[in-house]
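A.B. asks: Output the structure for:
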Amino acid sequence: MFYMKFLINSSFSVSLKGPRFLLPHQVINEYPKAYQLHKMNGVSLHEVQTLDSRMNLNCLLTSSIDKFIPGMKGTTLANYVVFKSFVKDENGKICGATLYDSINQKEFTVKTKVVVNCAGQHADKIRLQDNDKTEEKQLSYGIKGTHLVFKKGMLPKDSGIVIPKTTKNNAVFITNYMGHPMVGSYDEKCDIHHFCTPT
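C.D. replies: Numbers count the residues shown, from 1 in each chain. Sure, this is the predicted structure:
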């Protein structure tokens, strides 16, 4: 049995090193309080971590600025808007979308050159509205997992651990989230819906 360590760095100016094998004494030196890992070999990996919600908001807000890219008009952002159907021209090419404003309870149409399906776990539902005769009915699947966040101090602030196989044959990871150790197991399949129960 072994564990994998990965270092977390949010600086884009830092290049990542390749993996390296850790002997048991190196594991003890790096994690003296993690007694369950002692006498094990390990692998040190490197990866970066980002706050995806903040990144997504920054991208959206930046895209709405006129002339942020010279000569380009900023986007129009809308929340609480539901996709209803595609609009197609006489050749069957998508040229817009019919949307529903759930606040004002009004339906309206937007003309566009391109429609990007970014519906996450509901992407298949949108895709099939374009062509419900396709043989590939399901390309995305629902998954869920439970993560527990603990007080600071369990791990060094720049590292995390992956245990690929426990005595119960599942993988467990411990990583830092905003300075707090976050413990979880890898996701499992579930039905696609808005609300999940802990695994």
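
A.B. asks: C-alpha only now, for contacts and for neighbours.
C.D. replies: Will do.

A.B. asks: mind checking how far the spatially most central residue of the chain is from Cys59?
C.D. replies: The centroid of the chain falls nearest to Asp52 when counting by Cα atoms, centre = their mean (6.9 Å). Noted for Asp52: a distance of 10 Å to Cys59, by Cα to Cα, to the nearest Å.

A.B. asks: Have a look at the protein and report its longest helix.
C.D. replies: helix 52-63 (DSSP state H).

A.B. asks: Confirm Gly74 sits in a helix?
C.D. replies: No. Counting by DSSP: H, G, I helix; E, B strand; the rest coil, Gly74 is not found in a helix; it is coil.

A.B. asks: for it, what are its contacts?
C.D. replies: Ser63, Ser64, Ile65, Asp66, Lys67, Phe68 (Cα atoms under 8 Å, 6 or more residues apart in numbering).

A.B. asks: Name the nearest residue to Val81, sequence neighbours excluded.
C.D. replies: Distances taken as Cα to Cα, 6 or more residues apart in numbering place Asp101 nearest to Val81, at 4.8 Å, with adjacent residues excluded.

A.B. asks: For Ser185, see how far away Lys168 is.
C.D. replies: In terms of Cα to Cα, Lys168 sits 11 Å off from Ser185.

A.B. asks: So which of the two has more stuff around it?
C.D. replies: Set Lys168 next to Ser185 and count neighbours by other Cα atoms under 10 Å: Ser185 wins out with 19 against 6.

A.B. asks: Specify the beta-bridge partners of the nearest residue to that one once chain neighbours are set aside.
C.D. replies: Closest residue to Ser185 apart from its sequence neighbours, by Cα to Cα, 6+ apart: Val172 at 4.5 Å. Note on Val172: beta-bridge partners by DSSP bridges are Ile163, Ser185.
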